[in-house]
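>>> Have a look at this fold, sequence not included:
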């Protein structure tokens, strides 16, 4: 843009449109990666919160409560991956007798 000092107008208001920069595919990919990483942490937090309150819960109830608590659409596959991650990190475990129930450990 160049400022024209000799410009005159009878209209009191002058609209200056903002130039909106286009987001490149690289920036878009970075943004999606950051959002998905943040969502993983939110899923982890929701699962741990529910497990702290319940101490033991079956798989279906856990999935339903996590989906209710999250403010974004999460797939069952994402939640299951995060539950497996929490089991590996020893935040929770599967029940010995019933493999579809989880116990809170931490």
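Here it is on my side, so go on. These figures come from a predicted structure and were not determined experimentally.

>>> what's the distance between the residue lying closest to residue 106 once chain neighbours are set aside and residue 3?
Computed as CB to CB, 6 or more residues apart in numbering, the closest residue to residue 106 that is not its neighbour in sequence is residue 91, at 4.8 Å. Every C-beta, even on glycine, is put in place using the N, C-alpha and C of the backbone. Counting by CB to CB, to the nearest Å, the gap from residue 91 to residue 3 is 60 Å.

>>> same check, this time on residue 89
Taken as CB to CB, the span from residue 89 to residue 3 is 58 Å.

>>> Between these two, which is the more surrounded one?
For the pair residue 89 and residue 3, the greater number of neighbours falls to residue 89 (11 against 5), based on other CB atoms under 10 Å.

>>> all helices for the protein, in order.
Secondary structure of the chain by DSSP state H: the helices cover 25-54, 59-69, 76-88.

>>> So for the protein, which residue is the most central one in space?
Ranked by distance to the mean C-alpha position of the chain (CA atoms, centre = their mean), the top residue is residue 39 at 2.1 Å.

>>> Nearest spatial neighbour of it, chain-adjacent residues omitted?
That would be residue 72: by CB to CB, 6+ apart, it lies 6.3 Å from residue 39.

>>> Need the per-residue pLDDT for that neighbour.
Note on residue 72: pLDDT of 89.
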